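Participant: I would like the atomic coordinates for the input below:
(chains A and B)
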Amino acid sequence: MSADILTPVLSARWDTKRSWTLATYEANGGYAGLRTALGMDQAAVVEAVKASGLRGRGGAGFPTGMKWGFLPAPDGGPRYLVVNADESEPGTCKDIPLMLASPQLLLEGVIISSYAIDCHHAFIYVRGEVLHVYRRVLRAVEEAYRRGYLGRNILGSGYDLDVTVHAGAGAYICGEETALLDSLEGLRGQPRLKPPFPAVEGLYSRPTAVNNVESIASVSGIITRGAAWFASLGTPKSTGHALFSLSGHVTRPGQYEAPLGVTLRELLELAGGVRAGHELKFWTPGGSSTPLLTAEHLDIALDYESVGEAGSMLGTRALQIFDETTCAVRAIARWTKFYEHESCGKCTPCREGTFWLRRILDRIEGGTGTMDDLDVLLDTCDNILGRAFCALGDAATSPILSGLQFFRAEFEEHITRHGCPFDPAAAALFEYTSRSRENEVALSGAGTVGA
Amino acid sequence: MSYDATTHASLTADAAAIIARYPQRRSALLPMLHLVQSVDGYVSPDGIAFCAETLDLATAEVSAVATFYTQFKRHPNGTYTVGVCTNTLCAIMGGDEVFDSLADHLDVGPDETTEDGAITLERIECNAACDYAPVMMVNWEFFDNQTPESARAVVERLRGGKQVAPSRGANSVCTFKQMSRVLAGFTDGRADEGIGAGPATLAGLDLAKDNGWAAEAAPTAPAAPNKAKETR
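Facilitator: Residues are numbered from 1 along each chain as shown, chains lettered A, B, ... in the order given. Next up, the predicted model:
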């Protein structure tokens, strides 16, 4: 493992002038990986990615090369690569800046990966709510066609590939791979029953690899620098470099690319710590769908295995940091509202369950909850977890179950006090007087002095 | 259908270009709905009929898709969609107050449009810019690290017919209709405007450079190709 705590690979060129252009990308060694890959057998490219140990960077952590290996042998019909660029898991903010700064890095990975799985038409599904990112990816594809990296007989290799960049239209569920495929086929974005898995019956019922932006962007480095180099970073089972995104009550929020296995304590130190004068209360290791952790988990290695053993999931490495001014009930109620809003409605446990979870949490936060509500919350979670059609239902229970585990007393305090004990203004990053406090001041008459 | 002949002809030509991008016609539906919004400012009954006719679908099938996605509007949208992130992280960092302040200032609630038709105010979900919280999007361009004052200043300029520049995006925010045309896959030539990365995006890279950190090969691994070293 590298001794260096940060290892910029994907992010290494993000600060160059006009970093998004093909000219800048080529001037810094871009497309060397494609040239190498086109000289290799397709199977050898798949083997290299398998040997690197690269695991999916979109949250689930499934080995990328193994996923490709599940595609059946070519039968003469089309096979597809679909890049999941629908980044919308709360807290997750790595693929969007990657595509804004370095769309060619993604595109080179798309071409190498398509070649590896014998695909001749790849798709990049970008969420529709990031206009400039969509512009940059469209432009990257235009430039690549013009230079002969896309189209017929790429770099004289005899290999052909077309790439279509597709904009979504606002639906978190389309980040789920089968919902994404339905959306790409022009349908409502609702998950499909698995099996069959996309590798066997994916886009247009043809063999399809669906991979996250960061996973695909990591492929050219694996080809140019070698699978062994990649595997030398990180831990034996969680290899490689990965983007860690720090946000919230932290001095210097941002993207920190490090080997898997780094700890939050180490990352926080680099980021200047929790904001001055405050201390860590809770955090998410990989977005709101991963159970909350607290200060006692600062030294857990951020790899797939260790975070799992700690009772959470590595997810997308979206490290949302909340200090002691944050009301846990408010945070959890808001995430629950999100899951209710984004539930696609296909299955009953998730559609109905998230509705009731949101209603109960709203009344607890608003001061009209009862102690029985806490049991109903747990019971409702029990009726969703493992019973929903896709992972969204499970995810909706994560903040609630972990929140009640660590902060049950805070829920109870909202009930017994008939209201929230926190001042939202204390948690904000700018100064203001919160509306609830203004009312209290007005009611107490203190606001009349000098009026 | 009430599109005039010129509009219908140009919609038809654009739809053909969209359909040609996909192996199967129906995949063109989402971009075609963006296209309809670029003409009508929302998914109009005419637009639904046009999509259905072009893709050989029932209008009910088109409506079923259009109503699933939050970016497709059932009523005429303002010239600018102003969206404040009120998902947990942004909300707690101050997004709730930014939203409330804008709602008071504009005298509209969520998903309502100002009387002058300039602004549709929305609460939005996480938009993948958490390291710049609290975040506001104007026609889906990034306005980072907002305060109630900065957000109000942006909407005031917009209502006054002045241009506004996002933190990370094009040099100025385009209209809802112009944005919708780009989302339908028709470029506006503005990809080279703006910056590549904001300060938070570069936080880790800057630190790594200051400390001379890099992803070097471990001694036991085969040497990395020279190219990787040369370009550092």
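Participant: could you find the closest non-adjacent residue to the residue nearest to the spatial centre of chain A?
Facilitator: Geometric centre of chain A, nearest residue: A:Thr316, 4.0 Å, by CA atoms, centre = their mean. Excluding its sequence neighbours, the residue lying closest to A:Thr316 (CB to CB, 6 or more residues apart in numbering or on different chains) is A:Thr92, at 4.3 Å. The C-beta positions use only the backbone N, C-alpha and C, and glycine is treated the same way.
Participant: isn't the one you found right up against A:Ser245?
Facilitator: Yes: under the criterion of CB atoms under 8 Å, A:Thr92 makes contact with A:Ser245 at 6.6 Å.
Participant: now the common contact residues for these two.
Facilitator: Common contact partners of A:Thr92 and A:Ser245 (CB atoms under 8 Å, 6 or more residues apart in numbering or on different chains): A:316, A:318, B:130.
Participant: quick one: secondary structure of the closest residue to the second one other than its chain neighbours?
Facilitator: For A:Ala318, ignoring the flanking residues on the chain, the nearest one in space by CB to CB, 6+ apart is A:Gly91 at 3.4 Å. Assigned state for A:Gly91: coil (three-state reduction, DSSP: H, G, I helix; E, B strand; the rest coil).
Participant: for stretch B:68-78, measure first residue to last.
Facilitator: With CA to CA, to the nearest Å applied, stretch B:68-78 spans 20 Å between its terminal residues.
Participant: neighbouring contacts of that stretch?
Facilitator: Contacts of stretch B:68-78 (CB under 8 Å, 6+ apart): A:128-129, A:168-171, A:188-189, A:344, B:30, B:33-34, B:37, B:40-43, B:66-67, B:113-114, B:117-120, B:176, B:183.
Participant: show the buried residues in those.
Facilitator: Buried members of the contacts of stretch B:68-78, counted by 16 or more other CB atoms under 10 Å in any protein chain shown: A:128-129, A:168-171, A:188-189, A:344, B:30, B:33-34, B:37, B:40-43, B:66, B:113-114, B:118-120, B:176, B:183.
Participant: looking at the residues you listed, which are in helices?
Facilitator: With DSSP state H as the criterion, helices contain B:30, B:33-34, B:37, B:40, B:66, B:176, B:183 from among those.
Participant: just put those residues in a markdown table and tack on pLDDT and distance to A:Val110.
Facilitator: What follows is those, written out as a markdown table (pLDDT from 0 to 100; distance: CB to CB, whole Å):
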| residue | pLDDT | distance to A:Val110 |
| --- | --- | --- |
| B:Leu30 | 98 | 20 |
| B:Leu33 | 98 | 25 |
| B:His34 | 98 | 23 |
| B:Gln37 | 98 | 28 |
| B:Asp40 | 98 | 34 |
| B:Ala66 | 98 | 29 |
| B:Phe176 | 98 | 30 |
| B:Leu183 | 98 | 20 |
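Participant: closest one of the residues you listed to A:Ser436?
Facilitator: Set against A:Ser436, the nearest of these by CB to CB is B:Phe176 (34.3 Å).
Participant: and the nearest residue in space to that closest one that is not next to it in sequence, how many neighbours?
Facilitator: Spatial nearest neighbour of B:Phe176, excluding adjacent residues (CB to CB, 6+ apart): B:Asn77 at 5.1 Å. Residues lying near B:Asn77 (other CB atoms under 10 Å in any protein chain shown) number 26.
Participant: domain ranges for chain A?
Facilitator: Using automatic domain parsing, the domain parsing of chain A gives A:22-232, A:241-323, A:335-420.
Participant: and for chain B?
Facilitator: Following automatic domain parsing, chain B resolves into domains at B:1-77+B:176-191, B:80-174.
Participant: so A:Ser52 sits against A:Gly240, correct?
Facilitator: Yes: when contacts are counted by CB under 8 Å, A:Ser52 is listed as touching A:Gly240 (6.7 Å).
Participant: could you pull out the residues contacting both of these two?
Facilitator: Contacts common to A:Ser52 and A:Gly240, judged by CB under 8 Å, 6+ apart, are A:230-231.
Participant: what's the helix or strand for B:Phe186?
Facilitator: Remark: B:Phe186 resides in no helix or strand, with elements defined by DSSP states H and E.
Participant: who touches the closest residue to it other than its chain neighbours in this structure?
Facilitator: Counting by CB to CB, 6+ apart, B:Phe186 lies nearest to B:Asp14, which is 7.0 Å off, once chain neighbours are set aside. B:Asp14 makes contacts with B:35, B:184, B:186, as judged by CB under 8 Å, 6+ apart.
Participant: and B:Asp14, what pLDDT?
Facilitator: Here, the pLDDT recorded for B:Asp14 equals 98.
Participant: got it, and the one 10 residues further on?
Facilitator: The predicted structure scores B:Gln24 at 98 on the pLDDT scale.
Participant: repeat that for A:Glu438.
Facilitator: 70.
Participant: and for A:Ser444?
Facilitator: Looking at A:Ser444, its pLDDT is 53.
Participant: pick the most buried one from the domains of chain B.
Facilitator: domain B:80-174 (a mean of 21; mean count of other CB atoms under 10 Å in any protein chain shown).
Participant: for it, what is the distance to the chain centroid?
Facilitator: 12 Å (CA atoms, centre = their mean, to the nearest Å).
Participant: residues near the residue of chain B found nearest chain A, how many?
Facilitator: For chain B and chain A, the shortest gap (CB to the nearest CB) falls at B:Ala203, measuring 2.9 Å. As a burial measure, B:Ala203 scores 24 neighbours (other CB under 10 Å).
Participant: that one is in contact with A:Ala271, isn't it?
Facilitator: Yes: counting by CB under 8 Å, B:Ala203 does reach A:Ala271; the two are 6.9 Å apart.
Participant: the residue of the stretch 201-350 of chain A found nearest chain B pairs with what?
Facilitator: Ranked by CB to the nearest CB, the top residue of the stretch 201-350 of chain A for proximity to chain B is A:Gly254, at 2.9 Å. Beta-bridge partners for A:Gly254, by DSSP bridges, are A:Leu246.
Participant: now for residue 121: which residues touch it?
Facilitator: By default, I'm working from chain A. Residues near A:His121 by CB under 8 Å, 6+ apart: A:78, A:80, A:161-164, B:23.
Participant: think we crossed wires, I meant chain B
Facilitator: Counting by CB under 8 Å, 6+ apart, B:Leu121 makes contact with B:82-84, B:99, B:102-103, B:106, B:108-114.
Participant: same thing with A:His297?
Facilitator: Contact partners of A:His297, counting by CB under 8 Å, 6+ apart, are A:264, A:283, A:310, A:312.
Participant: do you know how far it is from A:Asp394?
Facilitator: A:His297 sits 20 Å away from A:Asp394 when distances are taken as CB to CB, to the nearest Å.
Participant: now do the strands in chain B.
Facilitator: All strands of chain B, identified by DSSP state E, fall at B:80-85, B:112-113, B:119-124, B:136-138, B:141-143.
Participant: grab the nearest non-local neighbour of the residue in the stretch 351-451 of chain A that chain B sits nearest to.
Facilitator: Proximity of the stretch 351-451 of chain A to chain B (CB to the nearest CB) peaks at A:Ala428, 3.7 Å away. Nearest non-adjacent residue to A:Ala428, counting by CB to CB, 6+ apart: B:Gly94, 3.7 Å away.
Participant: my guess is the one you found contacts B:Ser150, does it?
Facilitator: No: B:Gly94 is beyond contact range of B:Ser150, at 10.8 Å (criterion: CB under 8 Å).
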